[in-house]
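[1] What follows is a predicted structure for the sequence shown.
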Amino acid sequence: MRRLLAVSLFLLLTLSAGIVFSGASTQFCSASVGETDVCTNTLEVQDEATYFTHTLRETFYVPDPYHITFKTTRFQPNVVRGDPVYGNYWIMDNLNSEQIYLTSAYNGKHLLDYGATGITFNPNVTGGYYPKSYGSPTTTLVVRNAAPVACLPPVGYVLCQSYYQASQFSVD
Amino acid sequence: MRTTRKVLGLAAIVAVTIVGFLGLAGQQTTAKEPIRKFEMQTVEAAIEKFGIQVEQPKQIPFDVKASLGTVGELPDGVKILQMDYIGEKDWVTVEVIPKNVIWLPSEEYEIVTVNLNGHDAQYMDNDAVQMLLWSDGDLTHLLTVGGTKRTVEEILDIANSFAFDK
């Protein structure tokens, strides 16, 4: 009986933990010097306007203890409901956060248009990592839950929101 | 048998309590952190939250039905002010960020340097929106125009109505 109780509680805890963390969107990734790794970050959004998941897969390389190179970025949307649109994609160096790289290639485009294929591009940007007190390089994709023209009153303030899908990178 | 029922009853109460607690925690987690969600407010409230006084466009080539603002934040705490001016079919968005921004080259667009009131600005069209980027002191401005396709001169007219402290 005790074993049955323990198994039941374990299953319940496991399932519940899945609920708790299913919405995670800020991802922390690291790799050792000389390594190339993939940082996978899944955003799940369910609100009044839309229901979608968006997977951000960033391939990065650590050439030395002081830098991180962003080689390839992949966007993979899966829209269940609504019509969310992409905003800008930011890559921030850690050098006191003074330098920010930006691609607007997909700004204004609809996630629905890329569900089948996804999007892959090559930022080829190197950010500084050292010293650690300057913070780590980060990447952030902005996704709106609806196109701006869908935000006219009376729904605007209630319905329209921007989501930031972010990853932070460090050297092991 | 009675002991077994007591154990099962107690287990059920514990399980329901745990699931309820974790379910509630899950909702809170989804609603707040770690999802970084930034809700819309008035443009004026967003500017106040941004903490830096910025100008708004005074010339927009369509009837503006609503304006909305929000202040987003990158992971390192850098704030981005976003101001939307929305018509029936068209919109203009102005983003302001207190950092130096470098536009990455892309196969999706060509970056063209244009003259904005005597200063260099960068223009691009990605087939979904048209954008103009310029720096004014410590602030970088990103103007995005969507809906009706505009000429570069029309885009510059919008920017000229508020760029460089006009």
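    Structure's in. What do you need? Keep in mind that this is a model prediction, so the values were computed, not measured.
[2] all helices for chain B, in order.
    B:2-31, B:43-50, B:152-160 (DSSP state H).
[3] tell me the contacts of residue A:101?
    A:90, A:91, A:92, A:93, A:123, A:125, B:101, B:102, B:103, B:104 (C-beta atoms under 8 Å, 6 or more residues apart in numbering or on different chains). Where C-beta positions appear, they are placed from N, C-alpha and C, glycine not excepted.
[4] Show me which of those residues are buried.
    With burial judged by 16 or more other C-beta atoms under 10 Å in any protein chain shown, the buried subset of the contacts of residue A:101 is A:90, A:91, A:92, A:93, A:123, A:125, B:101, B:103, B:104.
[5] number of nearby residues for the closest residue to residue A:34 other than its chain neighbours?
    Counting by C-beta to C-beta, 6 or more residues apart in numbering or on different chains, residue A:62 is the residue found nearest to residue A:34 once chain neighbours are left out, at 6.7 Å. Number of residues near residue A:62 (other C-beta atoms under 10 Å in any protein chain shown) recorded here: 22.
[6] my read: residue A:62 touches residue A:31, true?
    Yes - taking C-beta atoms under 8 Å as the definition, residue A:62 is a contact partner of residue A:31 at 4.9 Å.
[7] shared neighbours, the two?
    residue A:171.
[8] Work out for me the element residue A:102 sits within.
    Per DSSP states H and E: residue A:102 is located in strand A:99-103.
[9] near chain A at all, stretch B:139-148?
    Yes - using C-beta under 8 Å from any C-beta of the partner chain, stretch B:139-148 reaches chain A at B:142, B:144, B:146, B:147.
[10] In CSV: those, plus distance to residue B:81 and neighbour count.
    Shown next, in CSV, are the residues of stretch B:139-148 next to chain A (distance: C-beta to C-beta, whole Å; neighbours: other C-beta atoms under 10 Å in any protein chain shown):
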residue, distance to residue B:81, neighbour count
B:142, 10, 22
B:144, 13, 24
B:146, 18, 23
B:147, 22, 19
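[11] anything in stretch A:75-89 near chain B?
    Yes - between stretch A:75-89 and chain B, judged by C-beta under 8 Å from any C-beta, the touching residues are residue A:88.
[12] And that stretch, what's buried?
    A:75-79, A:82-89.
[13] Over to stretch B:82-100?
    B:82-87, B:90-99.
[14] Against chain A, how distant is residue B:105?
    Computed as C-beta to the nearest C-beta, to the nearest Å, the residue B:105 to chain A distance reads 9 Å.
[15] my guess is that residue meets residue B:111, correct?
    Yes - look at residue B:105 against residue B:111 with C-beta under 8 Å: they come within range, at 6.7 Å.
[16] For residue A:58, pull up the helix or strand it's in.
    Residue A:58 belongs to strand A:51-64, assigned by DSSP H and E.
[17] Neighbouring strands of the helix or strand where residue A:37 lies in the sheet, and parallel or not?
    Using DSSP H and E, residue A:37 sits within strand A:36-46. As defined by DSSP bridges, the strand partners of strand A:36-46 come to strand A:51-64 (antiparallel).
[18] Quick one: name whatever helix or strand follows the strand it pairs with.
    Defined by DSSP H and E, the subsequent element after strand A:51-64 is strand A:67-81.
[19] can you give me the mean pLDDT across that following strand?
    Average pLDDT, strand A:67-81: 96.
[20] circling back: could you give the angle of the strand holding residue A:102 to strand A:67-81?
    40 degrees (axes from the mean of the first three to the mean of the last three C-alpha atoms, to 10 degrees).
[21] Dump strand A:99-103 to PDB, restricted to CA.
    C-alpha atoms of strand A:99-103 as PDB (Å, rounded to 0.1, in the frame of the first residue of the first chain):
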ATOM      1  CA  GLN A  99      26.700  47.300 -28.400                       C
ATOM      2  CA  ILE A 100      23.500  45.800 -29.700                       C
ATOM      3  CA  TYR A 101      23.100  43.900 -33.000                       C
ATOM      4  CA  LEU A 102      19.800  43.800 -34.700                       C
ATOM      5  CA  THR A 103      18.100  41.900 -37.500                       C
END
